[in-house]
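Undergrad: Got a predicted structure plus its sequence, pasted below:
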Amino acid sequence: MPKVDETMIGFAVYEDSREYLGISEVTMPEISNIVEEIQGAGINGKYESPILGQIEPMSITFNFRTVTRNAIKLLEPRRHELDLRAAQQNQDPTKGIVGVTRVKHILTVVPKKFNLGKLATASAADVSGEYSVVYYKCYINDNKMIEIDPLNYIYYINGQDNRWAEIKQALGKN
């Protein structure tokens, strides 16, 4: 029987092998395909067709409890190579054993906006930064699951290049 995924135990964010402390939450990028509305002769109405490997812009948001040097460092107008690591709890329901799934996210991001939050006594400042994701890769227990690199024609999902080899060949980009 498959394991039951239960919860996130914890996570850490790194840049240049240094951990970013003080991040309270991360809103991960949404992978959304570009779609074309299809209509015409022989079609009764309209439908949307996702375009192979073409994605909408991706963003990631980091929430900090307070204004920190690390939060401001991510505002530097350059590419930031980030490594997010998560420990997720799972359970084998037949054996009653609780285990850990390792998830690793590799991202290249560029700052879009920075919110300095609020000032209030005895409370979090709710500082946040939003970043454009120009490269994304995800591993689960060291197995590559996703790699998206729009600048290099890479769209790898669940062990497959999802027709990009064929598309690159058609474009003369081998």
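TA: That came through fine. Residues are numbered from 1 along each chain as shown.
Undergrad: Could you say which helix or strand holds Gly99?
TA: strand 97-115 (DSSP states H and E).
Undergrad: do the same with Ile167
TA: helix 164-171.
Undergrad: Tell me if I'm right that Lys3 and Asp92 touch.
TA: Yes: using CB atoms under 8 Å, Lys3 is in contact with Asp92, at 5.4 Å. C-beta here means a position set from N, CA and C on the backbone, and glycine is covered the same way.
Undergrad: Quickly list what's touching both of the two.
TA: Shared between the contact lists of Lys3 and Asp92 (criterion: CB atoms under 8 Å, 6 or more residues apart in numbering) are residues Gly99.
Undergrad: Would you mind pulling the contact partners of stretch 146-160?
TA: With CB under 8 Å, 6+ apart, stretch 146-160 has contacts from 31, 52-53, 55, 58, 134-138, 144-145, 161-162, 164, 167-168, 171, 173.
Undergrad: Recalculate using a threshold of 10 Å.
TA: Stretch 146-160 is contacted by residues 29, 31, 33, 52-55, 57-58, 105-106, 108, 133-140, 143-145, 161-165, 167-168, 171, 173-174 when judged by CB atoms under 10 Å, 6 or more residues apart in numbering.
Undergrad: Helices of this protein, start to end?
TA: Secondary structure of the chain (DSSP state H): helices located at 69-73, 164-171.
Undergrad: Neighbours of the closest residue to His80 other than its chain neighbours, how many?
TA: Nearest residue to His80, sequence neighbours excluded (CB to CB, 6 or more residues apart in numbering): Val109, at 5.1 Å. Val109 has 25 neighbouring residues, counting by other CB atoms under 10 Å.
Undergrad: now swap in the one 3 residues further on and tell me
TA: Taking other CB under 10 Å as the criterion, the count of residues near Lys112 is 15.
Undergrad: which neighbours does the strand holding Gly99 have in its sheet, and in what orientation?
TA: Strand 97-115 sits in its sheet next to strand 80-92 (antiparallel), strand 127-140 (antiparallel), going by DSSP bridges.
Undergrad: For the chain, give me the ranges with low pLDDT.
TA: For the chain, the stretches flagged by pLDDT under 70 are 1.
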